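Student: this one's sequence-less:
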């Protein structure tokens, strides 16, 4: 899930696909970092782009970075494929504002580094499209996310259990690399999903 997202404004205007670089905010100093999307998995060329938030601390690949290197990834929206794999959607934040995807990152000094997006079970809005979605962090929640481990754990548990809202959905009619977001037909997610949008 979440195999692509879109950035705009101060972070550029383009779609980001796995293995491409994007800006992340680490809470270390004031300067964002440019890092590559995807941890190196077992097997040549295999990337792990998402990490399940429910088991993040138990995964050897991610556990240490969750303890020490949490981040947020600024996005204008994220993309999802629906349950039959044939239709795509683009989801934006409330009032069309920025979204911040929760993530972890890793890297050696002098290296570009890598990041992964944390995911959680989908909320009622998203469930008809995909069973999972990115964990969304509000700007007012940055201190907790970048704070101590107990604060981050509590915030993540709240996100897993709660409702994470986004605002609008557009049908996808383009491929990664097309910078013109206007090719998407604007439509509310509720219209797209119909009755399924509010199923428990």
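Tutor: Good, I have the coordinates. These numbers come from a predicted model, not from an experiment.
Student: going forward, measure contacts and count neighbours with C-alpha atoms only.
Tutor: Fine.
Student: For this protein, give me the ranges with low pLDDT.
Tutor: Within the chain, the stretches with pLDDT under 70 are 1-2, 43-45, 82-88, 94-96, 108-111, 125, 162-200.
Student: Now for residue 11, how many residues are close by?
Tutor: 15 (other CA atoms under 10 Å).
Student: Can you classify the nearest residue to it once chain neighbours are set aside as helix, strand or coil?
Tutor: What sits nearest to residue 11 in space, not counting adjacent residues and going by CA to CA, 6 or more residues apart in numbering, is residue 23, at 6.7 Å. Put simply, residue 23 is strand when judged by DSSP: H, G, I helix; E, B strand; the rest coil.
Student: where's residue 23 relative to residue 155, distance?
Tutor: Residue 23 is 23 Å from residue 155, where distance means CA to CA, to the nearest Å.
Student: So which of the two has more stuff around it?
Tutor: residue 23 (21 against 16).
Student: Name the residues that touch the lengthiest helix in the chain?
Tutor: With secondary structure taken from DSSP state H, the chain has its longest helix at helix 149-161. With contact meaning CA atoms under 8 Å, 6 or more residues apart in numbering, helix 149-161 is reached by 53-54, 67, 120-121, 135-136, 144-146.
Student: Okay, buried residues for it please.
Tutor: 152-153, 155-156, 159-160 (16 or more other CA atoms under 10 Å).
Student: Pipe the contacts of helix 149-161 into a markdown table and attach distance to residue 128, secondary structure and neighbour count per row.
Tutor: Listed next are those as a markdown table, based on distance: CA to CA, whole Å; DSSP: H, G, I helix; E, B strand; the rest coil; neighbours: other CA atoms under 10 Å:
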| residue | distance to residue 128 | secondary structure | neighbour count |
| --- | --- | --- | --- |
| 53 | 20 | helix | 22 |
| 54 | 21 | helix | 14 |
| 67 | 33 | helix | 15 |
| 120 | 15 | strand | 21 |
| 121 | 12 | strand | 21 |
| 135 | 17 | coil | 23 |
| 136 | 18 | strand | 25 |
| 144 | 31 | helix | 17 |
| 145 | 29 | helix | 25 |
| 146 | 32 | coil | 19 |
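Student: Tell me how far the helix or strand where residue 5 lies lies from the chain's centre.
Tutor: Following DSSP states H and E, one finds residue 5 within strand 4-7. The chain centroid and the centroid of strand 4-7 are separated by 9 Å under CA atoms, centre = their mean, to the nearest Å.
Student: for that strand, packing partners?
Tutor: Counting contacts by 3 or more CA pairs under 8 Å, 6 or more residues apart in numbering; DSSP states H and E, strand 4-7 packs against strand 14-16, strand 70-75, strand 77-81.
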